[in-house]
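Participant: next one to model:
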Amino acid sequence: MTTEETEKWNGHKRRSAGFGFRKCSPHRLSSLNTQLPFLLLLTGVMSLAPIPSSISNSKDEKKIPFDSAVVDIRSTDAESIKFVDNSNVENRRQIGLLSAIFIIFNRIIGTGVFATPSSILSYSGSVGLSLFMWVIGAIIAAAGMQVYIVWGTAVPKNGGEKNYLEYLFRKPRYLITSVFAANGVLLAWAAGNSLVFGEYILRAANVEPKRWTLRLVGFACITFALLVHGTAVKWGLRLQNVLGVLKLIVLLFIIVTGFVALGGHMKIEKPNNFTNAFEGTNASASSVCSALYNVIWSFIGFSNVNYALSEVKNPKRTVRIAGPIAIAVVTILYILANIAYFAGATKEDITGSGRLVAALLFRNVYGPKAERALSVFVALSALGNVLAVVFSQGRVNQELGREGILPFSKLWGSNRPFNAPLAGLALHWAICLIVIFALPPGDAYNFVINVISYPLSVINAAISFGIVYLAWRPKKDWPQQNIPVLIAAFFFGAVNVFLFIVPLTPPPVGSEPYVSLPYWTHGVAGWAVFGLGVIYWIFWAVILPKALGYKLRRVEEVGQDGLIRAAFRRVKAE
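Facilitator: Sure, this is the predicted structure:
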């Protein structure tokens with residue numbers, strides 16, 4: 001057989017992989033396996049029930065002949081989970097070091113540094129403690145970055161925390177995957193900054209950001225991100241890089257403006273916030289926790305490249321370099337930007353500015369026209385963050401689809417038709433739209449921040465203490481870690497335990513996180529999301545198999561896009 005014939009034959013094998021197995025399998029999986037739990041839990045876990053590929057009636061299945069040795073049957077027992085992505089997809093690794101840095105940079109610098117300083121000052125009570133919160137946040141982010149570097153080099157594949165939790169919690173089978181799927185799919189990560197984009201762009205256009213106007217602009221923002229990343233990956237990455245440079249320029253301009261304000265060149269009286277920097281300090285546990293939530297929200301994103309490691313060139317080297325560079329640059333910019341805010345506005349004006357503190361600074365120094373101009377740049381910064389968030393969450397959804405956990409798993413796990421996870425991106429887009437249009441606008445932004453941060457704190461605590469555990473009980477394929485890494489992991493884990501316990505305690509009067517919602521809303525919502533995953537797993541993987549006399553077997557198959565994905569088969573229990 002010639003080389004050309006061999007290539008054609010191998011290509012034909014890859015294209016026919018998933019179909020051939022289904023045709024010859026002696027155990028045709030009935031739709032009852034997944035449709036029944038899906039119906040039972042429709043209102044709460046509709047995004048978790050897997051629809052197996054074996055029930056499809058593709059016309060292509062009849063056209064493509066069966067070829068053996070293209071599907072590897074396995075069960076996800078304690079020693080058979082694969083933590084390296086061996087999918088054979090041409091030109092899949094498109095993310096270099098610079099793009100990796102900007103993927104992190106764009107995810108971290110969204111609107112947090114422009115929108116949260118007023119809330120952080122309100123919770124802290126003083127300029128001094130507020131700045132100290134940002135320093136603590138930087139230390140926490142650096143420790144967290146080290147945790148994700150460890151996991152990213154040990155498990156270099158798409159999916160992020162999903163893979164790390166599966167590495168740690170391998171039994172009961174499929175439980176941790178179901179729990180993480182609930183968290184990964186049901187939380188609207190990009191909704192908050194889509195709304196902030198709308199608020200700033202409307203402010204720039206001198207239009208009052210009313211409820212429905214704001215929602216429609218937020219809808220346009222997240223839809224644009226979906227279309228760019230779902231149809232043209234390279235152009236989406238290029239746009240992210242351009243917006244990342246723009247963010248850097250905007251922050252530098254804000255910092256320069258702060259020095260102008262410190263020199264007394266303002267249109268208002270100099271606020272002198274640094275004279276008694278710690279005056280009015282509020283150091284209660286609840287207030288500190290709420291302030292840290294907002295600070296950490298502004299640093300969220302240091303793990304962003306971990307969600308796309310299967311698409312990164314030389315991933316182990318890249319993640320070690322990109323993360324620390326991004327964190328160092330962001331920390332310096334954040335602290336200097338906050339100093340600029342306090343140099344150009346009074347405490348009362350900052351706490352009353354809501355999410356427009358950066359615009360307030362420019363108005364006080366340069367006048368109303370400059371305020372509107374800055375609003376455009378902050379809106380573009382929010383757009384860059386939405387692009388980065390949608391990019392990563394689409395790949396999390398795709399990875400969950402490839403595990404066979406979601407309904408219509410073949411759809412969510414696909415790279416078709418544009419060699420991009422369009423379906424996974426669309427799933428996150430749909431969840432974000434529900435939040436954008438359903439939540440009361442006054443509390444929507446803070447609720448999105450908190451309901452995402454809360455379960456993320458639980459997950460971060462688990463994977464951090466997991467590193468410490470693996471130092472004492474290592475697995476065969478686990479790399480040995482040094483003492484500084486273990487200290488960073490323990491510190492990051494302890495901080496996250498604090499962050500998911502304190503929000504369940506009543507805050508002091510005047511420090512409530514919401515206007516219209518109870519203080520515990522995000523904590524209860526976070527645990528409820530995990531609970532939905534557990535409930536689904538109980539029905540799908542425990543009750544139904546026992547009641548109907550079968551067991552689940554996970555089967556790997558290769559799709560026409562070259563991606564390896566899983567499907568569940570129902571086999572008769574022995």
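Participant: list the helices and strands the helix or strand harbouring Gly236 packs on?
Facilitator: For Gly236, the host element (DSSP states H and E) is helix 233-262. On a contact count with 3 or more Cβ pairs under 8 Å, 6 or more residues apart in numbering; DSSP states H and E, helix 233-262 meets helix 97-108, helix 211-231, helix 315-344, helix 357-366, helix 368-402. C-beta coordinates here come from the backbone N, C-alpha and C atoms, glycine included.
Participant: that one: how far from the chain's middle?
Facilitator: Centre-to-centre, helix 233-262 and its host chain are 22 Å apart (Cα atoms, centre = their mean, to the nearest Å).
Participant: now the angle from whichever helix or strand comes after that helix to helix 315-344?
Facilitator: Using DSSP H and E, the helix or strand that follows helix 233-262 in sequence is helix 285-299. Interaxial angle, helix 285-299 versus helix 315-344 (axes from the mean of the first three to the mean of the last three Cα atoms, to 10 degrees): 120 degrees.
Participant: buried ones in helix 285-299?
Facilitator: Across helix 285-299, burial judged by 16 or more other Cβ atoms under 10 Å covers 286-299.
Participant: could you chop this protein up by domain?
Facilitator: 3-70+538-572, 97-170+190-272+287-404+417-440 (automatic domain parsing).
Participant: now these as TSV including distance to Pro455 and mean pLDDT?
Facilitator: Output for those, formatted as TSV (distance: least, Cβ to Cβ, whole Å; pLDDT from 0 to 100):
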stretch	distance to Pro455	mean pLDDT
domain 3-70+538-572	15	50
domain 97-170+190-272+287-404+417-440	10	86
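Participant: can you tell which of those is closest to Pro507?
Facilitator: Minimum separation from Pro507 across those (Cβ to Cβ) falls at domain 97-170+190-272+287-404+417-440, 6.9 Å.
Participant: about what we covered before: columns distance to Val330 on top of the buried residues of helix 285-299, output as CSV?
Facilitator: CSV is the format used below for these (distance: Cβ to Cβ, whole Å):
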residue, distance to Val330
Ser286, 27
Ser287, 24
Val288, 22
Cys289, 22
Ser290, 21
Ala291, 18
Leu292, 17
Tyr293, 18
Asn294, 15
Val295, 12
Ile296, 13
Trp297, 13
Ser298, 9
Phe299, 7
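Participant: Leu361: which of these is nearest?
Facilitator: Nearest member of these to Leu361, counting by Cβ to Cβ, is Ser298, at 16.7 Å.
Participant: so what's the residue count around the closest residue to the closest one other than its chain neighbours?
Facilitator: Spatial nearest neighbour of Ser298, chain neighbours left out: Gly112 (2.9 Å); criterion: Cβ to Cβ, 6 or more residues apart in numbering. Here the number of neighbours of Gly112 (other Cβ atoms under 10 Å) works out to 28.
Participant: wait, Val113 touches Leu251, no?
Facilitator: Yes - between Val113 and Leu251 a contact is recorded at 7.1 Å, counting by Cβ atoms under 8 Å.
Participant: quick one: which of the two has more around it?
Facilitator: More crowded of Val113 and Leu251, by other Cβ under 10 Å: Val113, with 28 against 24.
Participant: tell me the contacts of the more buried one?
Facilitator: Leu251, Ser298, Leu333, Tyr334, Ala337, Asn338 (Cβ atoms under 8 Å, 6 or more residues apart in numbering).
Participant: what's the most distant pair in those?
Facilitator: For the contacts of Val113, the maximum inter-member distance is 12.2 Å, found between Leu251 and Ser298 (Cβ to Cβ).
Participant: what is the most widely separated pair among the buried residues of helix 285-299?
Facilitator: For the buried residues of helix 285-299, and using Cβ to Cβ, no pair is farther apart than Ser286 and Phe299, which are 20.5 Å apart.
Participant: of the buried residues of helix 285-299, closest to Leu243?
Facilitator: Using Cβ to Cβ, the buried residues of helix 285-299 come closest to Leu243 at Ser298, 17.1 Å.
Participant: and the closest one, how far from Arg363?
Facilitator: 22 Å (Cβ to Cβ, to the nearest Å).
Participant: for Ser194, same thing?
Facilitator: Separation of Ser194 from Arg363 (Cβ to Cβ): 25 Å.
Participant: more crowded one of the two?
Facilitator: Ser194 (32 against 22).
Participant: can you classify the more buried one by secondary structure?
Facilitator: helix (DSSP: H, G, I helix; E, B strand; the rest coil).
Participant: which ones are touching it?
Facilitator: Each residue near Ser194 by Cβ under 8 Å, 6+ apart is listed here: Gly218, Phe219, Cys221, Ile222, Ala382, Val386, Cys432, Ile436.
Participant: which of these lies closest to Leu406?
Facilitator: Nearest to Leu406 among the contacts of Ser194, with distances taken as Cβ to Cβ, is Cys432, at 16.8 Å.
Participant: does the closest one touch Ala191 like I think?
Facilitator: Yes - counting by Cβ under 8 Å, Cys432 sits close enough to Ala191 to count as a contact (4.2 Å).
Participant: pull up the overlap in contacts between the two.
Facilitator: The contact sets of Cys432 and Ala191 overlap at Ile222 (Cβ under 8 Å, 6+ apart).
Participant: contacts only, for Gly110.
Facilitator: Contacts of Gly110 by Cβ under 8 Å, 6+ apart are Asn193, Val196, Gly301, Ser381, Ala382, Gly384, Asn385, Val386, Ala388, Val389.
Participant: change it to 7 Å
Facilitator: For Gly110, the contact set (Cβ atoms under 7 Å, 6 or more residues apart in numbering) comprises Asn193, Ser381, Ala382, Asn385.
Participant: could you find the closest non-adjacent residue to the second one?
Facilitator: Just to be clear, that refers to Ser381. Nearest non-adjacent residue to Ser381, counting by Cβ to Cβ, 6+ apart: Lys247, 4.8 Å away.
Participant: how about the third one?
Facilitator: Beyond its immediate neighbours in the sequence, the residue positioned closest to Ala382 (Cβ to Cβ, 6+ apart) is Phe197, lying 3.9 Å away.
Participant: which secondary structure element contains that neighbour?
Facilitator: Going by DSSP H and E, Phe197 is in helix 191-204.
Participant: picking that back up, and the domains of the chain, which is most packed in?
Facilitator: Stretch with highest mean neighbour count among the domains of the chain: domain 97-170+190-272+287-404+417-440 (a mean of 22; mean count of other Cβ atoms under 10 Å).
Participant: now do that domain: distance to the chain's middle.
Facilitator: 11 Å.
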